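J.: Predicted structure and sequence below. I'll ask about it afterward.
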Amino acid sequence: MSNYLDNTNNINENNLNSAGAPINNNDIYKRPTNLLNAFSIIQRIYVIESKTDEDLPKEYFTIEQTWDFFKVGLKSGFIESFIFITLLPFFQTIYPSFKYYFFQEKLTNIEKIFLQTISFLPIIISTVYLIYLSKYYKGNVTRKALLSLFSGRSFAFLLKGIAIYFIFQYLYYISYKNPNEVWDFLNFLKWVLDWFLPAEININITYNYFYIYIAPALKQTAIELLGTMFFFAVLPYITTFLKGFTKLNKIKKAQKFYEKY
């Protein structure tokens, strides 16, 4: 074992929390409830692994903590995916077509850039944040912590992406199979639509708008949502694996250099 672990003044069974990180006598493990909490724990583990000559056993990151990090990632993923699947269809399909069809106004270049940015900004920020965390990959324990966090987020993304894909495909099928249901639904929402539409717009015009712009876009939007969510689900994994590969490659080069001289 490493020199750091060999020193009983540094680590023993009484001053390790369930993450494997040394703690004070008055300190106890607190389950992370959000990404910031998880980030703080990963930082602490990173400091411990940085002080060791060898990798800590992965068992220092317990099953309990693996599950806790997975749940944090799952919660974050559900919130992110909900925001994304709300923003993307609205800003990329509904708003531009709504403005053009009902008000005969096209989007300006500034509006296009703004809507594109707003649609992807939340999911990009969170993904960049997780990619940033990969810098703290030092050894077995930090790697396990990061992958637990990423796994929960990715699971939520893929689950929500697949669900939305089939929901949109079903709506596409219903729209052309049972147009009467679409009519009834739009008629039910008329009191809401009246807040955003000119007074002379009736249900017939709204119905035509749906079949000209919304219904045909359901299939393509479903594919775009699923593809985008899958991409952002696996991206943090890629950065972490690259970090691990780079580290392993450096170790092998150092060993060859040592054996040579």
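T.: Arrived safely, thanks for sending.
J.: hey, let's count contacts and neighbours off CA atoms from now on
T.: Fine.
J.: what's near enough to touch F157?
T.: Contact analysis of F157 by CA atoms under 8 Å, 6 or more residues apart in numbering lists G77, F78, S81, M229, F230, A233.
J.: give me that answer again for 6 Å
T.: Residues touching F157, when contacts are defined by CA atoms under 6 Å, 6 or more residues apart in numbering, comprise G77, M229.
J.: Ok, G227 next?
T.: Shown in contact with G227 (CA under 6 Å, 6+ apart): no residues.
J.: and L107, that one's in a strand?
T.: No: counting by DSSP: H, G, I helix; E, B strand; the rest coil, one finds L107 to be coil, located in no strand.
J.: and it, how far is that from L147?
T.: For L107, the distance to L147 (CA to CA, to the nearest Å) stands at 41 Å.
J.: out of the two, which sits in the busier spot?
T.: L147 (22 against 14; other CA atoms under 10 Å).
J.: in which helix or strand would I find the residue nearest the centre of the chain?
T.: The structure's the chain has its C-alpha centroid closest to G77; by CA atoms, centre = their mean the separation is 4.5 Å. G77 belongs to helix 63-89 when elements are defined using DSSP states H and E.
J.: The following helix or strand past that helix - contacts with which helices or strands?
T.: Heading C-terminal from helix 63-89, the first helix or strand you meet, by DSSP H and E, is helix 95-103. The helices and strands touching helix 95-103, judged by 3 or more CA pairs under 6 Å, 6 or more residues apart in numbering; DSSP states H and E, number zero.
J.: Can you check what angle separates helix 95-103 from helix 63-89?
T.: With axes from the mean of the first three to the mean of the last three CA atoms, to 10 degrees as the basis, helix 95-103 and helix 63-89 are set at 30 degrees to each other.
J.: so the next helix-or-strand element following helix 95-103 versus helix 95-103, what angle?
T.: The element immediately downstream of helix 95-103 (helix or strand, assigned by DSSP H and E) is helix 109-133. Between the axes of helix 109-133 and helix 95-103, defined by the same axes, to 10 degrees, the angle is 160 degrees.
J.: for the chain, what are the low-confidence residue spans?
T.: Counting by pLDDT under 70, the chain contains low-confidence residues at 1-29, 53, 199, 244-245, 247-261.
J.: Would you state the strands of it in chain order?
T.: Using DSSP state E, no strands are found in the chain.
J.: re earlier: only the buried residues of the helix holding G77, if you could.
T.: With burial defined by 16 or more other CA atoms under 10 Å, the residues of helix 63-89 counted as buried are 65-78, 80-81, 84-85, 87-89.
J.: Check which helices and strands it is in contact with.
T.: Of the remaining helices and strands, those touching helix 63-89 by 3+ CA pairs under 6 Å, 6+ apart are helix 140-177.
J.: Any buried residues in the helix it packs on, and which?
T.: Of the residues in helix 140-177, those scored as buried under the neighbour-count criterion (16+ other CA under 10 Å) are 140-162, 164-165, 168-169, 171-172, 175.
J.: Can you check what angle separates that helix from helix 63-89?
T.: 40 degrees.
J.: what about N178, neighbour count?
T.: One way to gauge burial is a neighbour count; for N178, by other CA under 10 Å, it gives 10.
J.: how near is it to Q169?
T.: Between N178 and Q169 the distance is 14 Å, computed by CA to CA.
J.: The residue nearest to S76 when sequence neighbours are not counted: what's it in contact with?
T.: Closest residue in space to S76, ignoring its immediate chain neighbours: R153 at 6.2 Å, by CA to CA, 6 or more residues apart in numbering. With contact taken as CA under 6 Å, 6+ apart, R153 is in contact with G73, L74, G77.
J.: 8 Å instead?
T.: With contacts taken as CA under 8 Å, 6+ apart, R153 has the following neighbours: F70, V72, G73, L74, K75, S76, G77, F78, A233.
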